[in-house]
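*Asks:* Prediction below, plus the sequence it came from.
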Amino acid sequence: MATKGSILIYLKPNFEGDYVYEMRVPGRYKNTAATIKSVKIGPKTKLKISEPNGGRLYEMTSGEHGDINIPYNSIMQCVDISFKFSIDIKFNHTISGKPANEYGLTIKPLHFDNTGVITSGATDYVGVQIPQLNPPDSLIVSQISVRENPWPHQIVSNGSIYFKYNPTSEDITFEMTEGFPANMTIVKDDIWGFTFTLKSLMKMD
């Protein structure tokens, strides 16, 4: 049984065998190995699905779904039902001589009580969940900052960026601001995913 905030994924119909993966809010999963045939979605949780090659976009709600067909390479998000969508974030750095996990990126949408914290080098996306907007395509003004994970946790980058949600296509885009950090880059990976990269160190007071 899936608990609140979790989704159990099966490769066989009607939950045969063990589940192959458990998604947790605000998680993301891409089924690169096989087609998903059944899922169990916990209370107050929803599964958002983007099928590959311009396929369907849809949601599944709490409950047991024993006879489904989610094609391989679909992008899936595990989202709390109190939110409309999630912005998926990865974070890397190219600082010579530093371990992959040396830095932490914090991203804070300014008008919502929700913050994402992403460690550099992590393989999984971290979702920043966003509630229903009014109007639905409002700019999502977000503060971003990067700190060293080891003590003394020096801030090495700081600034802002805008995200924008298209309520028709459900695509999320970004807009660079004058305040975007000069020592960072951002790349849109897919419909919901973005990768930030720290390129150099900028010591902040």
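*Replies:* In hand now; what should we look at?

*Asks:* Could you list the low-pLDDT ranges of this protein?
*Replies:* Residues of the chain that meet the criterion pLDDT under 70 lie in 203-205.

*Asks:* So it: which segments form each domain?
*Replies:* Following automatic domain parsing, the chain resolves into domains at 6-80, 85-198.

*Asks:* Helix, strand, or coil at the residue nearest the centre of the chain?
*Replies:* Central residue of the chain (CA atoms, centre = their mean): D88, 1.9 Å from the mean position. Three-state secondary structure (criterion: DSSP: H, G, I helix; E, B strand; the rest coil) places D88 in strand.

*Asks:* List the residues that contact it.
*Replies:* R28, Q77, Y125, V126, G127, V128, D189, W192, G193, F194 (CB atoms under 8 Å, 6 or more residues apart in numbering). Placement of C-beta: from N, CA and C, glycine included.

*Asks:* how near is it to I75?
*Replies:* Look at D88 and I75: by CB to CB, to the nearest Å, they are 8 Å apart.

*Asks:* Give the closest residue to G42 in space, chain neighbours not counted.
*Replies:* Nearest non-adjacent residue to G42, counting by CB to CB, 6 or more residues apart in numbering: A2, 3.8 Å away.

*Asks:* right, and the one you found touches L8 too?
*Replies:* Yes. A2 lies in contact with L8 (CB atoms under 8 Å); the separation is 4.9 Å.

*Asks:* overlap in contacts of those two?
*Replies:* K40.

*Asks:* so how many other residues sit close to H153?
*Replies:* H153 has 10 neighbours, counted by other CB atoms under 10 Å.

*Asks:* Now do the contacts for it.
*Replies:* H153 neighbours (CB under 8 Å, 6+ apart): R147.

*Asks:* Distance check, the closest residue to R147 other than its chain neighbours against V146.
*Replies:* Counting by CB to CB, 6+ apart, R147 lies nearest to H153, which is 4.9 Å off, once chain neighbours are set aside. Counting by CB to CB, the gap from H153 to V146 is 11 Å.

*Asks:* and if you look at I191?
*Replies:* According to CB to CB, I191 stands 25 Å off from V146.
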